[in-house]
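>>> pasting the structure only:
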């Protein structure tokens, strides 16, 4: 059994389910943490943690028919497979829970959602790095791949550890903010102050003679960080928006890197834990020695594996063991949003195999469940003739295509292509089949716009799954 199977089994078998503290104890013990560390992380007394753990070990001993304790928990349980009775128990539990909590896949997966699929070891590596003084994490993935969902997990862990957290989303800034570096950095500092519930005191630290970058650093060091008793996790979301303004990006990115490097010698900067989130490769001309993307911890979110899609199916109450997972992935790959949307519709129709066959047949057509979502891509490409031509070349090629880097990175950030080195290929078969009919002539693009209806739940969003 895996730890996720253990947690599901206990949730399904216990009349009262599984409390948050019980799950923390199980997962932490699985990772070899001491009771003292578990109690500290969960903010409970050690005596209470030990008492609850003792009950859990007794329950697990009954399931495994042999003594289980903290020291042998993982080693023993990993050697046990779920019995057919336990598998059926979990299946019924998932069906019942799904009927109550089925969620339309829009925006990030909430913290309390049963549909968040961990991607080990990514989460644990990110948690460990975030705990390091002065750390820097760079999370890159196309849209709808799960960046925002991962950020929620990171922020929850940071809050549990007593850290302060601030998230800045650059797409929320007015265009006027990007007209000069000085305006941008003042907006930046003012918003961090507001999120920390501190009075903005920009004029007390800003000095035009020293320049805006130095003033910004002084503001962070002497005011913001000095006012905090605990570390600050600062998430810079949608960094791609800054890439569009080369002069600002060319100054901001070296500044962020300098803050990370200062932590090696200046203690107060060790309070700052930076997380940069972006969809595309940086296209701004900048020296490698000034870029923050070649230091710290780089994280690239991959598509779901077959096992993760199987897990998500199970969480939707679908017991797929007859090739259905392979059939779905042959059409949409392991792309989280596309997979979740399929499950959402299948569960609503009972999850029958014939429904999957019909769903896959209709997927690349106007009758398919993805049509409203894909039309937004059609509009995005319609006014980008170079991007349109490049994508048309990719979906009609019989092998990998080499595109001009800027076009390749843009298509990758949109989630339309896979990019391995300089080799481009369609992200999934759904895109290849659907877009072939829309990219044949420009007339297709011109005819789509009048047909579009505003649908806030299906439009392309910068929020990920």
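On my side now, so go ahead. For clarity, every value in this text was computed on a predicted model and none was experimentally measured.

>>> pLDDT on the helix or strand containing residue 86, on average?
Residue 86 belongs to helix 84-101 when assigned by DSSP states H and E. What helix 84-101 shows for mean pLDDT is 74.

>>> also stretch 323-342?
Mean pLDDT, computed over stretch 323-342, is 96.

>>> that one: end-to-end distance?
One end of stretch 323-342 sits 15 Å from the other (Cα to Cα, to the nearest Å).

>>> got it, and stretch 263-270?
End residues of stretch 263-270 are separated by 5 Å (Cα to Cα).

>>> just the residues contacting it, thanks.
With contact meaning Cβ atoms under 8 Å, 6 or more residues apart in numbering, stretch 263-270 is reached by 133, 134, 221, 225, 226, 231, 259, 262, 272. For the C-beta atoms, the positions are set from N, CA and C on the backbone; glycine is no exception.

>>> try it again at 10 Å.
Under the criterion Cβ atoms under 10 Å, 6 or more residues apart in numbering, residues 132-136, 217, 220-222, 225-226, 228, 231, 258-262, 271-274 lie in contact with stretch 263-270.

>>> and stretch 185-205, by the same measure?
Contacts to stretch 185-205, defined as Cβ under 10 Å, 6+ apart, come from residues 164-170, 172-174, 176-178, 180, 206, 211-224, 227-228, 232, 234, 236, 248, 251-252, 255.

>>> pretty sure residue 3 contacts residue 77?
Yes. Residue 3 is in contact with residue 77 according to Cβ atoms under 10 Å; the separation is 8.2 Å.

>>> any common contacting residues for the two?
Jointly contacting residue 3 and residue 77 under the rule Cβ under 10 Å, 6+ apart are 26, 30.

>>> list phi and psi for residue 276.
In terms of degrees, to the nearest 10, the main-chain angles of residue 276 are phi -100, psi 130.

>>> check residue 135 too.
Residue torsions, per degrees, to the nearest 10, at residue 135 are phi -70, psi 160.

>>> quick one: neighbours of it, just the number.
When neighbours are counted by other Cβ atoms under 10 Å, residue 135 registers 21.

>>> same deal with residue 305?
Other residues near residue 305 come to 13 when the count uses other Cβ under 10 Å.

>>> one more: residue 423?
Using other Cβ under 10 Å, residue 423 has 14 other residues around it.

>>> follow-up on the earlier one: what about the contacts of stretch 263-270, which are in strands?
Applying DSSP state E to those, the entries found in strands are 136, 272, 273, 274.

>>> which of the residues you listed lies closest to residue 127?
residue 273 (11.2 Å; Cβ to Cβ).

>>> quick check: bridge partners of that closest one?
For residue 273, the beta-bridge partners under DSSP bridges are residue 233.

>>> surely residue 138 touches residue 147?
No. Contact criterion Cβ under 10 Å: residue 138 and residue 147 do not qualify, at 11.1 Å.

>>> quick one: low-confidence ranges for the stretch 101-250 of the chain?
Within the stretch 101-250 of the chain, the stretches falling below the threshold (pLDDT under 70) are 101.

>>> next one: the stretch 251-400 of the chain
By pLDDT under 70, the low-scoring segments of the stretch 251-400 of the chain are 281-291, 349-354.

>>> give me the buried subset of the ones in strands among the contacts of stretch 263-270.
Buried members of the ones in strands among the contacts of stretch 263-270, scored by 16 or more other Cβ atoms under 10 Å, are 136, 272, 273, 274.

>>> can you tell me how far the second one is from residue 132?
Separation of residue 272 from residue 132 (Cβ to Cβ, to the nearest Å): 11 Å.

>>> go on, residue 170?
Counting by Cβ to Cβ, the gap from residue 170 to residue 132 is 25 Å.

>>> higher neighbour count, the two?
Using other Cβ under 10 Å, the more surrounded residue of residue 170 and residue 132 is residue 170, with 24 against 15.

>>> residues touching the more buried one, list them.
Applying Cβ under 10 Å, 6+ apart to residue 170 gives the contacts 177-178, 184, 187-188, 236-245, 248, 252, 277-278.

>>> can you rerun that using 6 Å?
Applying Cβ atoms under 6 Å, 6 or more residues apart in numbering to residue 170 gives the contacts 238, 241, 242.
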